[in-house]
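Colleague: Need coordinates for the below:
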Amino acid sequence: MDFSNKTVIVTGAGQGIGKGIALLYAEKGANVVIADIDEIAGLKTVDVIKEKEGNALFVKTDVKDGDDIIRLMEIANLTFGQIDILINNAGKSVFKSPYELSIEEWDDIINTNLRSVFLASREAAKYMRNNKEGGSIVNIASTRAIMSEPNSEAYAATKGGIVALTHALAASFSADRITVNAISPGWIETGDYSQLRKIDHEQHLSKRVGRPDDIARACLYLTAKENDFVTGINLVVDGGMTRKMIYEE
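Modeller: Predicted coordinates:
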């Protein structure tokens, strides 16, 4: 799986899973475009990549803003000559009772997490369809698309929507040789991994909580040209957590 000279756009790459994805693509030789609304965090990711002699560019982007999305794609294409891979990772959450969640909060989460995936995918595909080998899009969903805790309605709705949108886009973009897949991460610890408890790890069949690198490697698999037979899927990467039956004793 060779990503040398491939141009990869990662939204929400200033921290967490998005940062882990960006760092791994850079390590594999890709030109990485860091898109984030947080300029300080985004530039830090660029610095880390450049310190390791990778190639990265930061573009401040509010994924809710259609004009920002268009500008992001234009800059990426002008800078590196083409767009090969898009990772739609940016997202936010507000966990609040459905009785208290405001319409404004609902709309903000829907537009940040879900509408942005459609807008970014459409704009990136306009460039990808001109590539000799097409392109690849990966949308970061969540196991919360298929299971829930209380007070997570807006977030769950966006992640379920991403899974459905993924296979719809895969069908629409297939004629342009563009694969579209989703990844649904489970528990991915982006903070201090050493502070996790034994019981946290034992909730997983894998016997450990996930790390950003686990999702990054899944992105590599889904966007490698050798794997262009894989499209329209939702790859659950959760250490088996959604398949483990847990009974209270």
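Colleague: Does residue 234 touch residue 184 like I think?
Modeller: Yes - with contacts counted by C-beta atoms under 8 Å, residue 234 reaches residue 184, the gap being 5.6 Å. Placement of C-beta: from N, CA and C, glycine included.
Colleague: and the two? which has more neighbours close in?
Modeller: residue 184 (24 against 18; other C-beta atoms under 10 Å).
Colleague: Going by neighbour count, which residues in the longest helix anywhere in the chain are buried?
Modeller: Determined from DSSP state H, the single longest helix within the chain is helix 153-173. By neighbour count on 16 or more other C-beta atoms under 10 Å, the buried set for helix 153-173 is 153-163, 165-167, 169-170, 173.
Colleague: how about the top strand by length along the chain as CSV, C-alpha atoms only?
Modeller: Using DSSP state E, we find that the single longest strand of the chain is strand 178-185. Taking Å, rounded to 0.1, in the frame of the first residue of the first chain, the C-alpha atoms of strand 178-185 are listed here in CSV:
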residue,chain,number,x,y,z
ILE,A,178,-14.4,6.6,-6.5
THR,A,179,-14.8,4.3,-3.5
VAL,A,180,-16.8,5.5,-0.5
ASN,A,181,-16.6,3.6,2.9
ALA,A,182,-17.3,4.3,6.5
ILE,A,183,-15.5,3.4,9.7
SER,A,184,-17.4,3.1,12.9
PRO,A,185,-14.9,3.4,15.8
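Colleague: Now for residue 234 and residue 184: what residues contact both?
Modeller: With contacts defined as C-beta atoms under 8 Å, 6 or more residues apart in numbering, the residues adjacent to both residue 234 and residue 184 are 141, 145, 163.
Colleague: Same list (the residues you listed) but as JSON lines, adding pLDDT.
Modeller: Compiled in JSON lines, those are given as follows (pLDDT from 0 to 100):
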{"residue": "141", "pLDDT": "98"}
{"residue": "145", "pLDDT": "95"}
{"residue": "163", "pLDDT": "98"}
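Colleague: Out of those, flag the one nearest to residue 210.
Modeller: Nearest to residue 210 among the shared contacts of residue 234 and residue 184: residue 141, at 14.5 Å, using C-beta to C-beta.
Colleague: Tell me who's in contact with the residue nearest the centre of the chain.
Modeller: Closest residue to the average C-alpha location of the chain: residue 89 at 2.6 Å, with C-alpha atoms, centre = their mean. Residues near residue 89 by C-beta under 8 Å, 6+ apart: 10-13, 17-18, 21, 140.
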